[in-house]
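Undergrad: Sequence and predicted model, in that order:
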Amino acid sequence: MGEAAIRTVMVIGLGVMGRGIVASLLRGGFKVTVLSRRGEEARRELPDGVTVVTAAEGAAPDLVIETIPEKADLKREIYAQVEDAWQGAPILATNTSGLPIQGLADTLRYPARFAALHYCQPADVVPLVEVAPARQTDPSIPEALAAMVRACGQIPLVLGQAPDGLLINRLQHALLHEAYYLIDRGIASAEDIDIVARKFFGPRMSVTGMIEQKDLSGLDTHAYAQAAIVPHLHHGSEPSPVVQGKLRDNELGVKTGRGFYDWSAVDTAAYRTEAKARLDRVLAFLEKEEATAQPHPPAAAKK
């Protein structure tokens, strides 16, 4: 028997990610409650129809989504409050992809009710949402979460397990690890790398992805290139010195006015708003293009 449909959702945490998740859920027609210690102050930041509470109490929601800062101890403290209040009744989902999902699950009293539900920023715009189980997760839980994601007009990426970093961040950090190495060695600048991402990777991958493109190019050519290039990539297991140096020097990007770029004279709120609107327009264009593509993309080959 499958998991009952999700209708009521509590979001714990009202940062940038939390607000985006709330917007996505409202679009899907879900009844949304936000748990925030800021109470009425938080209420003023939210659309009409969202209930704000300061504690886990009352009737159990169908789903609790935790999106608080990336500190394992804080998350475990919240999970204990949720389990004390509702004894495993709601599905409990974490928005983290940076902390080990299995490690979080192993501390729970009701790990069968736990899974990762990872949104990317901005959570109400990026169409992909990762769904990943821990080893103990009941098989019906990912199905229920995927149905909820689809109801919000987004696409669930249901993984067979929850590796550290999940799928999106593993791919992203693999690319960034090499990019930071090239910056650190003075081979390329941050601007150079972003130009490649914007003018080459972005447009091409939006049409043929990463793997399909290699089929189109020829896997023999790709295999020879891989054999020649991969041994020379940066395979270090330590975090990037250039990024860790930014942290040490308090050059945190927009937060402090300087990172890889100088943000001191930029209206960052307006810049974020416009960037989100541009992403909306790009995604709408790509969706229209995909719907009318002729011929349609091929099916994946069976193993």
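TA: Sure, I can see it.

Undergrad: Start and end of stretch 131-145, how far apart?
TA: Stretch 131-145 has an end-to-end distance of 7 Å (criterion: C-alpha to C-alpha, to the nearest Å).

Undergrad: for that stretch, what is the average pLDDT?
TA: Average pLDDT, stretch 131-145: 97.

Undergrad: what do you get for stretch 22-40?
TA: pLDDT averaged over stretch 22-40 gives 93.

Undergrad: List of residues touching it?
TA: 6-14, 18, 42, 46-47, 49-56, 61, 119, 123-124, 148, 151-154 (C-beta atoms under 8 Å, 6 or more residues apart in numbering). No exception for glycine: its C-beta is placed from N, CA and C like everyone else's.

Undergrad: which of those residues are buried?
TA: 6, 8-14, 18, 42, 46, 50, 52, 56, 61, 119, 123-124, 148, 151-152, 154 (16 or more other C-beta atoms under 10 Å).

Undergrad: Looking at the contacts of stretch 22-40, which are in helices?
TA: Counting by DSSP state H, the contacts of stretch 22-40 place G18, A42, M148, A151 in helices.

Undergrad: Which residue in those residues has the weakest pLDDT?
TA: Scoring those by pLDDT puts A42 last, at 84.

Undergrad: give the contact list for that residue.
TA: Here A42 is in contact with L14, V34, S36, V52 (criterion: C-beta under 8 Å, 6+ apart).

Undergrad: Tell me how far it lies from K31.
TA: In this view, A42 and K31 are 17 Å apart by C-beta to C-beta, to the nearest Å.

Undergrad: Same question for S24.
TA: Distance from S24 to K31, by C-beta to C-beta: 14 Å.

Undergrad: ok, now K276?
TA: Applying C-beta to C-beta to K276 and K31 gives a distance of 26 Å.

Undergrad: Ok, T8 next?
TA: 5 Å.

Undergrad: how about A4, what does it touch?
TA: Neighbours of A4 in contact, by C-beta under 8 Å, 6+ apart: D62, A144.

Undergrad: Mind telling me what element it is part of?
TA: Element membership for A4 (DSSP states H and E) is empty, with no helix or strand holding it.

Undergrad: S97 - how many residues pack around it?
TA: As a burial measure, S97 scores 24 neighbours (other C-beta atoms under 10 Å).

Undergrad: do the same with the one 10 residues further on
TA: When neighbours are defined as other C-beta under 10 Å, T107 has 13 of them.

Undergrad: repeat for the one 4 residues further on
TA: Taking other C-beta under 10 Å as the criterion, the count of residues near P111 is 20.

Undergrad: Run through the residues that contact the nearest residue to it once chain neighbours are set aside.
TA: By the measure of C-beta to C-beta, 6 or more residues apart in numbering, the closest residue to P111 outside its immediate chain neighbours is Q136, 3.8 Å from it. Neighbour list for Q136: A105, P111, A112, F114 [criterion: C-beta under 8 Å, 6+ apart].

Undergrad: okay if I get those as CSV plus distance to K288, pLDDT and secondary structure?
TA: Shown next, in CSV, are the contacts of Q136 (distance: C-beta to C-beta, whole Å; pLDDT from 0 to 100; DSSP: H, G, I helix; E, B strand; the rest coil):
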residue, distance to K288, pLDDT, secondary structure
A105, 40, 97, helix
P111, 42, 98, helix
A112, 41, 98, helix
F114, 38, 98, strand
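
Undergrad: Which one (most neighbours) among those?
TA: F114 (27 neighbours).

Undergrad: Cheers, nothing more for now.
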